[in-house]
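A.B. asks: fold the stuff below for me.
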Amino acid sequence: MLRGAQHDVLLFSATQSAPTVPTDSAAFTRPGASALAGRRLLLGVSGSIAAYKAAPLTRLLVQAGAEVQVILTEAAAAFVTPLTLGTLSKKPVLTGFLRDAASGQWHNHVELGLWAEAYIIAPASANTLGQLANGLCPNLLSAVYLSARCPVFLAPAMDLDMYAHPAVQQNMQRLRSFGNHVFDSPAGELASGLSGPGRMLEPEQIVAELADFFRLPAPPGKA
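C.D. replies: Numbering: from 1, shown residues only. As a prediction, the model looks like this:
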């Protein structure tokens, strides 16, 4: 390598290769980066051991350029903290209707439902699926669901026998009949030690599914 007397740049010899651009940069590997850029996404997290996957899911969505607002149920907060998801989403996590009990300030579920371009509930526990399928709203997550005008994506997560139970299967079918997108649960090893369907779809796959959805042309009258 030589430095010219009149130049302040480095010159490389013919036998030395020029530096290469790294190919492992997040800008090159993040899934759905262009399709999700600028999208307003709600991420609802319900009580399941799979709630820990909400952390990488949040990170991937933010890396893809989306604006992510996380809603956490009380049960979900036992598995993953608001601090973790708030740090990754760069927004305060919503954990209930009240923002400040002393002043009476509250989180407006109607405004949240109107703000979002998509609502992803991942993981969606058996209890949450039952609430949504039957129009119950005991918490902010389910109240926002009933108010949402945007597409809703559900990623069920529970144990094998719970997933196979006719009541759960009926609830998922009913939610599909409402127009919701219910992801299939892949088979694999579960937290109980059993093996079979019931796992939450992996965060990378959820991001890919969302990106594919937003790449589709809008239906007539929806553009």
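
A.B. asks: touching, residue 36 and residue 209? I think so.
C.D. replies: No. Taking contacts as Cβ atoms under 8 Å, residue 36 lies outside contact range of residue 209: 11.0 Å. No exception for glycine: its C-beta is placed from N, CA and C like everyone else's.

A.B. asks: when these two are compared, which one has more neighbours?
C.D. replies: Just comparing residue 36 and residue 209: by other Cβ atoms under 10 Å the higher neighbour count belongs to residue 36, 27 against 17.

A.B. asks: which pLDDT does the model give that one?
C.D. replies: At residue 36, the model reports a pLDDT of 97.

A.B. asks: check residue 64 too.
C.D. replies: At residue 64, pLDDT is 96.

A.B. asks: I'd assumed residue 206 was in contact with it.
C.D. replies: No. The pair residue 64 / residue 206 is not scored as a contact, 11.1 Å apart, by Cβ under 8 Å.

A.B. asks: quick check: which element contains residue 176?
C.D. replies: helix 166-177 (DSSP states H and E).

A.B. asks: those strands in the chain, which residues are they?
C.D. replies: Along the chain, counting by DSSP state E, strands occupy 2-3, 10-11, 40-45, 67-72, 98-100, 105-106, 118-124, 152-156, 181-182, 187-189, 195-197.

A.B. asks: and those strands: which comes nearest residue 89?
C.D. replies: Comparison of the strands of the chain against residue 89 by Cβ to Cβ identifies strand 67-72 as nearest, at 4.5 Å.

A.B. asks: shaky segments in this protein?
C.D. replies: Scanning the chain for pLDDT under 70 picks out the ranges 1-33, 97-107, 218-223.

A.B. asks: can we see that at 50?
C.D. replies: Applying pLDDT under 50 to the chain flags the ranges 1-29, 101, 222-223.

A.B. asks: what about the helices in this structure?
C.D. replies: Using DSSP state H, the helices assigned to the chain run over residues 26-29, 33-36, 54-63, 82-89, 109-115, 126-133, 140-147, 160-164, 166-177, 203-215.

A.B. asks: what residues of the fifth one count as buried?
C.D. replies: I take that to be helix 109-115. By neighbour count with 16 or more other Cβ atoms under 10 Å, helix 109-115 contains the buried residues 109, 112-113, 115.

A.B. asks: between those, which is closest to residue 197?
C.D. replies: Of all those, residue 197 sits closest to residue 113, with 30.2 Å by Cβ to Cβ.

A.B. asks: what sits against the closest one?
C.D. replies: 119, 144-150 (Cβ atoms under 8 Å, 6 or more residues apart in numbering).

A.B. asks: most surrounded residue in those residues?
C.D. replies: Result: residue 144 is most packed of the contacts of residue 113 (other Cβ under 10 Å), 27 neighbours.
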